[in-house]
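Asks: Here you go, sequence then predicted model.
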Amino acid sequence: MGDSRHPLVAMETMVSQSPASVTRYLLPIPSPSRSSGDVRRQGSAPRHSLPEVDGLADPAPSLMERIDYVLLNSRKLSTRRSYAAKWKKFQTYLESVGRPTLPSNLNDIFGFLLSSKDRGLGHASLRVYLAAISVNHPQIDGHSVFSHPRTKQFLKGLLRLYPSIRDPTPAWDLPLVLAKLMRKPFEPLATCSLRLLSWKVAFLVAITSARRVSELSALRADPPYLIFHQDAVTLAPDISFLPKVVSDFHLKADITLPVFFPNPQDEEQCGLHSLDVKRALSFYIHRTKPFRKSPALFVSHALPNQRKKLSSQRLSKWIVETIKLTYLLAKQPLPRSLRAHSTRAMAASTAFLKGIPLGDICNAATWASPHTFVKHYALDVRVHQRSVVGRAVLQAAQVVTREHREKLATLAKQLTNKAKESLRRVRVKAVNQTKKAKNTVSEDTIKLIEKQIQQMMDDTSAEMDTLLAAKTKELLG
């Protein structure tokens, strides 16, 4: 894998070695953990043990080996594997065009990026390839490959010649999906297929939490990771899970999801209650309990992998298949380029358009800055509890029908009549107080005051009628 004497190359080379060859680097370094007061972390932080070879303990690694191991783990294992695979593709390209592997010049690297662009890779993917090359390649002219001035110029030219095209419209219709989840075959939850129950729960948790699928797949179904409250449900990932951004904020960012119309009063509210995440999770836990062997929240329902923890890839497929099925049920053409990650953008944008403060959306979605939402997730653009974000998202299913508007108009009229009754009581009380002053004030003055009181009441009553008429017109047309 190139010149192993180069420190960065040597570090990355360890990734491609066999497990036995890198075992000696698995030092007893504590994993990042939450605060010591977190009961989920107490006494359970994973520690690596030193291996034994032929019955003898492997010699303790040197200080430099320990330092290399720590530096290597500055990137997640998945990132290191991805970089190693991309570096190998770059080497294969150089061999195919008859160029030396190391050291390469910038033109060789730019040629590889152009060939990758011709294969359909986007600008973001090219930057990942460039990062992988930069990690493994020696510096050029005192700069890393990625930070070299010519590289920056080349990337700017690529972006101008091949600008990223972003679809300005949402990838799919959230109200349509929610409306179909309220009906058969996703209801009733007690008798629908376990497959559809699993899909519905996965989608509801994803859309109301606005979290990454990798975080959702790490959730657990046992206390204290899953707690049902009266008005919400809280979830937390396994202590061994490390989020994309390893910080105190992200490690402590548990998920709080809302109840939704917990005490429905009519048929419409009963339908909306079917989107209650707490209700769906309760059914899911109950129906998977007979075969559940893993503490993970999401487990496979299909043989032969039944009982096993669901991978993040499979969970993503559940979410996508849910959206596809709702479109098929609605007899609508399937959306293009469906991805599970789109629920994150859809949830955040819908909550924002519902008036939820941007700072609180970022808090619920674990964005440290609103910049990420504005740049990458706003489709058209601090709550007291994070569950308000999920509740605002679910309200997209509440379609205002003609019947509902008529109810609202009737309610407005009833409230106006009650206001007039209160106004009349105020008038009577004022007139009575005026009459009590007849021994100290002339009768003409009393009549004048009574007339003024009546005029004020009439003006206010007329203003109420005007407001009622405007609101009725707005509701009924």
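Replies: Nice, thanks for sending it over. Computed from a predicted structure; not experimentally measured.
Asks: going forward, measure contacts and count neighbours with C-alpha atoms only.
Replies: OK.
Asks: mind listing what's buried in the helix or strand that contains residue 319?
Replies: For residue 319, the element it lies in under DSSP states H and E is helix 312-329. Applying a neighbour-count criterion of 16 or more other Cα atoms under 10 Å, one finds 312, 314-316, 318-327 buried in helix 312-329.
Asks: and what of stretch 173-188?
Replies: By neighbour count on 16+ other Cα under 10 Å, the buried set for stretch 173-188 is 174-182, 185-187.
Asks: which helices and strands does the helix holding residue 319 pack with?
Replies: The contact analysis (3 or more Cα pairs under 8 Å, 6 or more residues apart in numbering; DSSP states H and E) places helix 312-329 against helix 174-181, helix 194-209, helix 213-217.
Asks: And the strands in the stretch 301-450 of the chain?
Replies: Secondary structure of the stretch 301-450 of the chain (DSSP state E, counting those that start in this stretch): no strands located.
Asks: one step back: kindly calculate the angle that the helix holding residue 319 makes with helix 194-209.
Replies: Orientation check (axes from the mean of the first three to the mean of the last three Cα atoms, to 10 degrees): helix 312-329 against helix 194-209 gives 100 degrees.
Asks: Using CSV, write out the CA atom coordinates for helix 312-329.
Replies: C-alpha atoms of helix 312-329 as CSV (Å, rounded to 0.1, in the frame of the first residue of the first chain):
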residue,chain,number,x,y,z
SER,A,312,-28.5,0.2,9.6
GLN,A,313,-28.7,-0.8,5.9
ARG,A,314,-31.7,-3.0,6.5
LEU,A,315,-33.4,-0.3,8.6
SER,A,316,-32.9,2.1,5.8
LYS,A,317,-34.6,-0.4,3.5
TRP,A,318,-37.6,-0.6,5.8
ILE,A,319,-38.0,3.1,5.8
VAL,A,320,-37.7,3.4,2.0
GLU,A,321,-40.1,0.4,1.5
THR,A,322,-42.7,2.1,3.8
ILE,A,323,-42.7,5.2,1.6
LYS,A,324,-42.9,3.1,-1.6
LEU,A,325,-45.8,1.1,-0.3
THR,A,326,-47.8,4.1,0.7
TYR,A,327,-47.4,5.5,-2.8
LEU,A,328,-48.5,2.2,-4.3
LEU,A,329,-51.6,2.2,-2.0
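Asks: Off-centre distance for that helix?
Replies: 16 Å (Cα atoms, centre = their mean, to the nearest Å).
Asks: Residue 111 and residue 243, how far apart?
Replies: In this structure, residue 111 and residue 243 are 35 Å apart, going by Cα to Cα, to the nearest Å.
Asks: low pLDDT regions in the stretch 301-450 of the chain?
Replies: The stretch 301-450 of the chain contains residues with pLDDT under 70 at 306, 352-353, 358, 363, 365-389, 395-401.
Asks: Count residues in the vicinity of the nearest residue to residue 208 once chain neighbours are set aside, would you?
Replies: What sits nearest to residue 208 in space, not counting adjacent residues and going by Cα to Cα, 6 or more residues apart in numbering, is residue 390, at 4.0 Å. Neighbours of residue 390 under the rule other Cα atoms under 10 Å: 28.
Asks: picking up where we left off before, out of the helices and strands packed on helix 312-329, indicate the one that is most buried.
Replies: Among those, helix 194-209 has the highest mean neighbour count (mean count of other Cα atoms under 10 Å), at a mean of 24.
Asks: which residue is nearest the centroid of this protein?
Replies: The centre of the chain sits closest to residue 210, judged by Cα atoms, centre = their mean, with a distance of 1.7 Å.
Asks: Pretty sure that one sits against residue 340.
Replies: No - Residue 210 is beyond contact range of residue 340, at 10.9 Å (criterion: Cα atoms under 8 Å).
Asks: intersection of neighbour lists for the two?
Replies: Residues touching both residue 210 and residue 340 (Cα atoms under 8 Å, 6 or more residues apart in numbering): there are none.
Asks: Ramachandran coordinates for the residue nearest to the centre of the chain?
Replies: Main-chain dihedrals, residue 210, degrees, to the nearest 10: phi 60, psi 30.
Asks: coming back round to it: adding distance to residue 453, write the buried residues of helix 312-329 out as CSV.
Replies: Shown next, in CSV, are those (distance: Cα to Cα, whole Å):
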residue, distance to residue 453
312, 71
314, 72
315, 69
316, 68
318, 67
319, 64
320, 66
321, 67
322, 64
323, 62
324, 65
325, 65
326, 61
327, 62
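Asks: what's the farthest-apart pair in those?
Replies: 312 and 327 (23.2 Å; Cα to Cα).
Asks: Now do the residue nearest to the centre of the chain against residue 83, distance only.
Replies: 28 Å.
Asks: which residues in the stretch 251-400 of the chain form helices?
Replies: For the stretch 251-400 of the chain, the helices defined by DSSP state H, counting those that start in this stretch cover 267-273, 277-288, 312-329, 342-353, 358-364, 370-372, 387-394.
Asks: counting contacts, what elements does the fourth one pack onto?
Replies: Translated: helix 342-353. helix 194-209, helix 358-364, helix 387-394.
Asks: Repeat that for the fifth one.
Replies: Under the contact definition 3+ Cα pairs under 8 Å, 6+ apart, helix 358-364 sits against helix 342-353, helix 370-372, helix 387-394.
Asks: if we can go back for a sec, for the buried residues of helix 312-329, which one is nearest residue 94?
Replies: Checking those against residue 94 by Cα to Cα gives residue 312 as the nearest, at 34.1 Å.
Asks: got the contact list for that closest one?
Replies: 213-214, 216-217.
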